[in-house]
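# the amino acid sequence is not available; the structure is as follows:
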C-alpha cells in the first residue's frame, strides 16, 4: 500500500480519539446511574407515595348527619342518603349514546344531559353532577347499566330535609359548604374537605360535632382510565348523633303563624326550668337554599333585605323594654323594701323633677294608686317616682343581677348583650354625668336600657318563679342551671302577680282584650317609641310610616298561680303592645294548653 | 483444528452473550407489560428476535468490506426510501414515517441509522486527511449528512433525525477535525440554535416545555414523563417484583412495551435491576469500542465506533426520557423495547461488529 506510513499514523490517531468516545460513553452512563440512585434509592419512598396515590383512589363516604328533634321527638331536621349521578367528562366518548341511556333511566331530556356533558368537557377531569338526588329505582337502573355507561358513576351524599322549613330556621340554623377560610383553620384530623357541608348557624352550628358523625372511606384500586379494579379497604362511616331540643314544634308553629308576616320575635319558656319551648324570629328564610351554591342575586336578596331575615331577633334583636321594665322596678322596690304592698302614690298625670316635667301616658292621671293598680294601668308617674327614689345605681345593679346587659347564656351563638346603663357607662359613652331625669325615664323602660326578647323571657321567668334566675336552654341535654336566687317573698310575689294578672283580667288592664275565660294570664305590655318624642296626633298609629311606628311588646305567663309557660312577643313597628303583641302571647299560651291535650274543663280547673 | 473450530473460536461470544442477556431482560419486561391486554405482542417479539438472529448471521457472514462497495448504493436506497415516505407513506398522528412494501411496513428512517454509519465509515476510509478535516473537506460530507437528516426531520421525526445527525457528528469527530474549524463550527452552531427552535413543530416545542416543567400539564404532554418518573422512582432499591409493578400493571404508563420499557425494568426490578441493565449496556458498548480498537482496518474501526455511538445515544436518550432528564422524543431501548424494524437494525449492528471482530484474524 502506498499510504502505509501515514495510514498507520492515522489509524493510531483514530484509535486515540476513540478513547474520548469511551470517556463519553462512561460519562453518559454515569449520569444515568446517578439519576437512578437519586430517584430510586434516595427518593424512592416519595415516588412510592405518588405511585400509591396514582392507583389508589380514596373516596369519602359521607356520614349520615344526626337528626334534630323537638322535645316530643318530632323531627325538625331530617337526614337521609341521596344518590347523585356523576360524570367524569374525559371518560365519555360517545356523548349521544350515554345521554340517551341516561335520559331513558332518569326520564329527562336527552339534549339537556348531552349539553351538560359537553359543557363539562372543558374541564375533562372534573367530576360534574348530571342529576342530584335521584330516586332509588333510578339509581338501581344506572347501577345495573354502569358497564355500558363509561365515565358515569353514582355518588352518595347526605341530604338535609328541613321538614317544616320556615318554622324554626333561626333555631335550627342551616348548613352550607365549608368556606376556604374555615378549612384553613381546621386541622386535617378534623376530617373536613372542600365541598363538605358544615353547620353555619343555629343548632346546626353549635351541635356540629355531635351531628356530623365520622366520615367513612373507601379505598379502591383504579387503572389509568379510572376504572375501579377492586376495593382495597373500606371504613364504614359513623352516623352523627341526633339532637333533641327543648322546643315544642306545635308551639313553634303556633307562634310562627300568630306572628305571621310581621317582623318580630316570640320566645316561649318554661319559667321554672329555663327550657325554651318556642323561639321564633320573623321574617324567616328557607334554610334549604344554603345547601347548594346559590346565585349571587339570591344571596344579595337575602343579605340586602332591609328586614334582615337571617337575624335571629329573639337573641339578637335589642329593644328598649318599654313598660315591661316596670315589673323589674316593682320587684326591686318590693325586695329592697322601698315600698310595701299597701303603699299608695298619687298620679296627677305628670311628674315634676326640678325644671323637667314627665308626663304619664294618661294625661288625666290615675289618682291615688298602689303597686297592683300601677302595674294594671301601667301608670308612668308611679314608676317615675320609684325611679327617682331608687336611683340609677340600684336599678342597674338589680338589672344586671337578673341577667340584663349580658348574654343569657343560651347555647346559641352570637347573642346580643343588651344594655344596662350606669353612671360609669354614660360617662364613658357620652362624657357626661348622669341626670336624675334619666333615672326617672329608665324606670318606665324608655331610657338607654336595651333588652333582647330572650333576656326578657329569662328575667321575667326569674321574677314570676319567685326569684330564681335560670339560664335559658334549647338543647334537652343541657342541665338546668340556676344563676342567682334573690328570693322574692311569697307576699311580695303575690302582689306582683296580682298586678300582672289584672293587666289582663281587670277591666282597666292594658291587655284586657286578650282575656280568656279558659285560662289565666299574667303579663305586662310594653310600647317602645321608635322616634323619641313623637307624640302621634293621628288617631290611628297605622297611619304613620312603618319605620316610625312603635314597637309592641308583651310578655305573659300562665297559669298565674303556678306558671308553666312564659311567652314574650315583640312586633316591630307594631304599634301598641296591648293590641298587637299581646294576642300573639295569648295564642301561644292557648296552644300550649291544647297541645297538652287537656280538655277545656281541665284547663279551666287548672287555672282557678 | 477443524474449520468449524476456527470459525467459532474467533467469535466474540462475550458480546453475543451480553446481547442475549439484555434481550432476555427485555422479554421479561415486555411480558410483564403486555400480558394482561396484548399478550400477542410478547410472542411477536420472539418472532422478531428469531428473524433478527438470522439477519445478524447474514450481517456476520458477509465480509464487512463488501459494504465499502455497497456504501453508495445503500445511501441511494436510503434517500429513495426517505423520499418515498412523503409519496406513499402512511400518516400516523401527523407524521409520515412508514412505507408499505407488500405485507411489510418499513421505517426508512430506522434503516438510515445503520446506512449512515456504513456510509460515514466508508467516507472515513476513503477520505483520510493527515491534518484532520478542514472547512473545505467538510463541505461534501456535511451535504451528504444533511440530506437524510433533513428528510427525517421533515417527516417530522425529531428524535430519529437527531440521532442520525449525532451519529454522523460523533464519527466526524473521531475522524478528526482541525482545531480552528472545530471552534468556528461550534460558534456557528450556538448562534443558529435559536433558529432551530423556531423551526420546531408545536407538539415538539410542547414536549420540550413540558419536559422542563412536567407539572404544567400532568395529564397532557407531561403525562408520560410524570408517570414514568413515578414508576421508576417507586421501584426503590429492589423493585416491586416481577409482574408486581403497579404503574405497569394498571397501565398508567402508555407505550410501556416500546419507548417506556425501561420504566417497567426500573419499577419491577428496582435500582438493582436497572443498574444491572445499565451495567450490561456498558459492557456491550465498551466491548464494541474494544473491537473497533482491534479492527484490522479503518473502515471496520469506524463501523464499530459508529455502532457504539448509535447504541449509546439510544440507551442514554431512552433511559433519560424514562427518568425525566430528557424530553419525550420516542427513542426505543435497544434489545429491550418491542419492535421488529428496530430489533433487526440492532441485530445487523451486532452482526457487523462480530464480523469486524472475527475477520481481524482472517487477513
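Now that the structure is in, tell me what you want to look at. Here the structure is a predicted model, which is why all the values come from computation and not from measurement.
# so for stretch B:15-35, what gets flagged as buried?
Residues B:15-16, B:18-19, B:21-23, B:25-34 are the ones in stretch B:15-35 that count as buried (16 or more other Cβ atoms under 10 Å in any protein chain shown). C-betas here are computed from N, CA, C, even on glycine.
# I meant to write stretch A:397-415 there.
For stretch A:397-415, using 16+ other Cβ under 10 Å, the buried residues are A:398-399, A:401-405, A:407-412, A:415.
# cool, stretch B:268-280 as well?
B:268, B:269, B:270, B:271, B:273, B:274, B:275, B:276, B:277, B:278, B:280.
# mind checking the SS state of the second one?
What that stands for is residue B:269. Recorded secondary structure, residue B:269: helix (DSSP: H, G, I helix; E, B strand; the rest coil).
# you'd agree it is up against residue B:239?
Yes - contact criterion Cβ atoms under 8 Å: residue B:269 and residue B:239 qualify, at 4.2 Å.
# neighbours around the closest residue to residue A:410 other than its chain neighbours, how many?
In space, and not counting its chain neighbours, residue A:410 is closest to residue A:472: 4.8 Å by Cβ to Cβ, 6 or more residues apart in numbering or on different chains. Number of residues near residue A:472 (other Cβ atoms under 10 Å in any protein chain shown) recorded here: 28.
# let me see the contact set for residue A:472.
Listed by Cβ atoms under 8 Å, 6 or more residues apart in numbering or on different chains, the contact set of residue A:472 reads A:269, A:274, A:275, A:276, A:408, A:409, A:410, A:454, A:457, A:458.
# kindly list the main-chain dihedrals of the third one?
It stands for residue A:275. Backbone torsions of residue A:275, given as degrees, to the nearest 10, read phi -70, psi 130.
# how about the contacts made by it?
Contacts of residue A:275 by Cβ under 8 Å, 6+ apart are A:71, A:246, A:269, A:472, A:473, A:474, A:476.
# tell me the spacing between the last one and residue A:248.
Yep, that's residue A:476 we're talking about. Separation of residue A:476 from residue A:248 (Cβ to Cβ, to the nearest Å): 11 Å.
# before we move on, the earlier item: any chance of the buried residues of stretch B:268-280 in CSV with distance to chain A and pLDDT as columns?
Listed next are the buried residues of stretch B:268-280 as CSV, based on distance: Cβ to the nearest Cβ, whole Å; pLDDT from 0 to 100:
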residue, distance to chain A, pLDDT
B:268, 12, 89
B:269, 10, 90
B:270, 6, 89
B:271, 4, 91
B:273, 10, 92
B:274, 5, 92
B:275, 6, 93
B:276, 11, 94
B:277, 10, 95
B:278, 6, 94
B:280, 11, 95
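# quick one: the residue of the stretch 51-200 of chain A found nearest chain B from residue B:261, how far?
In the stretch 51-200 of chain A, the residue that lies nearest chain B is residue A:51 (3.7 Å; Cβ to the nearest Cβ). With distances taken as Cβ to Cβ, residue A:51 is found 18 Å from residue B:261.
# neighbour-wise, which of the two wins?
More crowded of residue A:51 and residue B:261, by other Cβ under 10 Å: residue B:261, with 27 against 23.
# look at the more buried one and report its pLDDT.
The score at residue B:261 is 89. That number is its pLDDT.
# in its sheet, what does the longest strand anywhere in chain B sit against?
As assigned by DSSP state E, the longest strand anywhere in chain B is strand B:95-101. Next to strand B:95-101 in the sheet, as set by DSSP bridges, lie strand B:90-92 (antiparallel), strand B:104-106 (antiparallel).
# so which residue is dead centre in the chain?
No chain was given, so I picked chain A. Centroid-nearest residue in chain A: residue A:202, 2.6 Å away (criterion: Cα atoms, centre = their mean).
# you answered for a different chain; I wanted chain B.
Residue closest to the average C-alpha location in chain B (Cα atoms, centre = their mean): residue B:314, at 4.2 Å.
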